[in-house]
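1. what's the 3D shape of this:
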Amino acid sequence: MTAPVLRRDRRRWTWGVGALVVLAWSLAGAGVFSGEVLNPAGLAQFGRFAAGAVHPALDADLLTVLARAALVTVAYAALGAGLAIGLGALGAVAVARTTWGRRRLGWTLTRGALAVPRGLHEAVWGLLLVNVLGLDPWVGVLAIGIPYGAVTAKVFADLVDEVPRGSHDALRAAGATRTTAVVYGLLPAASGGLLSYAFYRVECAVRSAVVLGLIGAGGLGYELLLSFSSLRWPQVWTAVYAIAGLCLLADVAGRAVRRRVASPAPAAAGVLRRDPVVTGAVLGTVALIGWSAWYLALDAATLVGPRAREQLGYVLGAAWPPATDGDLLRRVLVLSVDTVQMSVVAIAVALAGSVALAGLAAHPGPGANTGRRTAGVVVRLALLLLRAVPPPVWALVLLFVFLPGVLPGALALGVYTLGVLGRLTAEATESLDPRPRAALTALGARPAGAWLVGTAPRAVGPVLAFALYRWEVAIRDATLVGLLGAGGIGVLLSAEISSFDWPAVATVLAAMVLLTWAVDLVSARAREAVR
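-> From the prediction side, this is the model:
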């Protein structure tokens, strides 16, 4: 009997080598291998910024302002998430495989149509909507709801399509209509995943509402930008801690609901009952949406008023046909390359950091000592702070110590993405079977060694998949960083919108959608290879 032969997976090796080549190309484009990148003159200012973390401003007037700003942020997040979930539910019907059956062309076209709204960052939607609706609260709500609605529609459709189809097919065979078969044969089985993702979108909407504040929508993001512009570092850190607290509240509440949905409390045999926690969360969210509409004084007539129709017609008419002059196309190409390089470096930084911190960030087992538990709490709070501060703010901070260019924008994205990816990596580690690690520890292995041998190898696939997914998000966030002057195609978009050159704006937007679509395609293929 011949010994088994270990073979390398050539597809994975090809993707791995390709990723290293792209990373080296991106680092070279960021100027890491040539020229000066540091700005020593800004170190003193960076030191003052860091010192403000220890002594935040706590005067009553500032806390009152931040409390009111937090209400604005919560209102935008609740309404934006509510709109996204509603649009996602409707859109899921249009893009689900179940709807189209064997008609692949229609399914492909509808899926492709979703790439347009979700290919643009919510901040880009905010800038565009301001030119149609003016400074109206609907701008912030729609800027969150439109792109999130497209993403939610895709995820909802995938969740429904992945449900076992036995009940659905039986109902269809018995003569039920397609709608009846979906409602009774698929939705009950998919309801847990749909509800869990809906609450996850609420969490994300809080961070998006903060980002929109940076472009003038109000709330905590706007107060943070005002304090930063005036170099009042204690006030900056008070705003940062307020944002982190709000994000922590959303994260904890959302995670509690998702865990309850994933593992519902057992009921007596033959008795159907609602989970009071999930029911309370749903009713509370609905009440919060109603309060938010009242608090922001939304007026539906604004969306269909004569001014909105006139402005929309003017912008669409002025933007067609898109500009195609050679100089603009060359600038779009060059800045698109910068944007890709920025996103690649950002994901590399975030992936390295999240892998290094995964062991500490994961919740320890029941036998962990006090030191291990304390270290875990500190790491998780640090990750929360990293993802609470929007990428443009990190970019402004890093410009104190780095010269302007791709690198500070890439590192800003990397720091922010580390906060998100670090949490996802820790959760992936926690979900793995703990028995191999426990067995190694029982045999005398050190905790670090047991984690490296018993846990880390099995976490490679999920962590790489999360990193590739975050790359898709990072390419959109790179646009946001560019909008505030940190490099990439966002810089060009901001300049063209400021000059009201709508044909050029249309060209840049089309390039951003195509860039996002290309990255999504490459990321999807790479995720298939690492599964």
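2. CA atoms for contacts and neighbours, from now on please.
-> Fine.
3. show me where pLDDT drops low in the stretch 301-450 of the chain?
-> Low-confidence segments of the stretch 301-450 of the chain, defined by pLDDT under 70: 365-368, 431-434, 437-438, 445, 447-450.
4. that should have said the stretch 101-250 of the chain, apologies.
-> Residues of the stretch 101-250 of the chain meeting the criterion pLDDT under 70: none.
5. Ala297: what's it in contact with?
-> The neighbourhood of Ala297, defined by CA atoms under 8 Å, 6 or more residues apart in numbering, consists of Pro137.
6. for it, which three-state class applies?
-> Per DSSP: H, G, I helix; E, B strand; the rest coil, the secondary structure class of Ala297 is coil.
7. do you know how far the residue nearest in space to the middle of the chain is from Leu492?
-> Within the chain, one residue has its C-alpha closest to the average C-alpha position: by CA atoms, centre = their mean, that is Val473, at 5.7 Å. When CA to CA, to the nearest Å is the yardstick, Val473 and Leu492 sit 20 Å from each other.
8. and what of Leu142?
-> In this structure, Leu142 and Leu492 are 23 Å apart, going by CA to CA.
9. which strands or helices does the strand or helix carrying Gly254 pack on?
-> In this structure, Gly254 is located in helix 233-262 according to DSSP states H and E. In terms of contacts (3 or more CA pairs under 8 Å, 6 or more residues apart in numbering; DSSP states H and E), helix 233-262 is packed against helix 60-95, helix 187-212, helix 220-229, helix 276-295, helix 370-388.
10. got those as JSON lines, with mean neighbour count and distance to Met512 columns?
-> Listed next are these as JSON lines, based on neighbours: other CA atoms under 10 Å; distance: least, CA to CA, whole Å:
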{"stretch": "helix 60-95", "mean neighbour count": "22", "distance to Met512": "21"}
{"stretch": "helix 187-212", "mean neighbour count": "22", "distance to Met512": "19"}
{"stretch": "helix 220-229", "mean neighbour count": "22", "distance to Met512": "25"}
{"stretch": "helix 276-295", "mean neighbour count": "15", "distance to Met512": "32"}
{"stretch": "helix 370-388", "mean neighbour count": "17", "distance to Met512": "24"}
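11. make a markdown table out of these and add distance to Gly106.
-> What follows is the helices and strands packed on helix 233-262, written out as a markdown table (distance: least, CA to CA, whole Å):
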| stretch | distance to Gly106 |
| --- | --- |
| helix 60-95 | 9 |
| helix 187-212 | 22 |
| helix 220-229 | 41 |
| helix 276-295 | 34 |
| helix 370-388 | 38 |
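12. to Ala412, which of those lies closest?
-> For the helices and strands packed on helix 233-262, the distance to Ala412 is smallest for helix 370-388, at 9.8 Å, taking CA to CA.
13. what does the closest one rub up against?
-> 207, 240-241, 243-244, 247-248, 357, 360-364, 415-420, 422-423.
14. ok, stretch 161-170 next?
-> Outside of stretch 161-170, the residues within contact range by CA under 8 Å, 6+ apart are Ala96, Arg97, Thr98, Ala181, Val182, Tyr184, Gly185, Leu186, Ala189, Ala190.
15. same thing but at 6 Å, please
-> The list of residues contacting stretch 161-170 from outside it, by CA atoms under 6 Å, 6 or more residues apart in numbering, reads Ala181, Gly185.
16. just the CA trace of it, in CSV.
-> The C-alpha trace of stretch 161-170 is given here as CSV (Å, rounded to 0.1, in the frame of the first residue of the first chain):
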residue,chain,number,x,y,z
ASP,A,161,-32.2,31.1,-1.7
GLU,A,162,-30.0,29.0,0.6
VAL,A,163,-32.9,27.7,2.6
PRO,A,164,-33.7,23.9,2.0
ARG,A,165,-36.4,23.9,-0.7
GLY,A,166,-38.3,20.7,0.3
SER,A,167,-41.3,22.5,1.7
HIS,A,168,-41.4,25.1,-1.1
ASP,A,169,-41.3,22.4,-3.8
ALA,A,170,-44.0,20.3,-2.0
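17. mind listing what's buried in it?
-> For stretch 161-170, a neighbour-count test (16 or more other CA atoms under 10 Å) marks Asp161, Val163, Arg165, Ser167, His168, Asp169 as buried.
18. could I get those in CSV, plus columns for secondary structure and distance to Phe400?
-> CSV is the format used below for those (DSSP: H, G, I helix; E, B strand; the rest coil; distance: CA to CA, whole Å):
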residue, secondary structure, distance to Phe400
Asp161, helix, 49
Val163, coil, 51
Arg165, coil, 57
Ser167, helix, 60
His168, helix, 59
Asp169, helix, 62
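19. and which of these is nearest Pro391?
-> Relative to Pro391, the closest of those is Asp161; by CA to CA it sits at 34.6 Å.
20. relative to Glu122, how far out is that closest one?
-> Relative to Glu122, and taking CA to CA, Asp161 is found at 27 Å.
21. now Tyr222
-> According to CA to CA, Tyr222 stands 16 Å off from Glu122.
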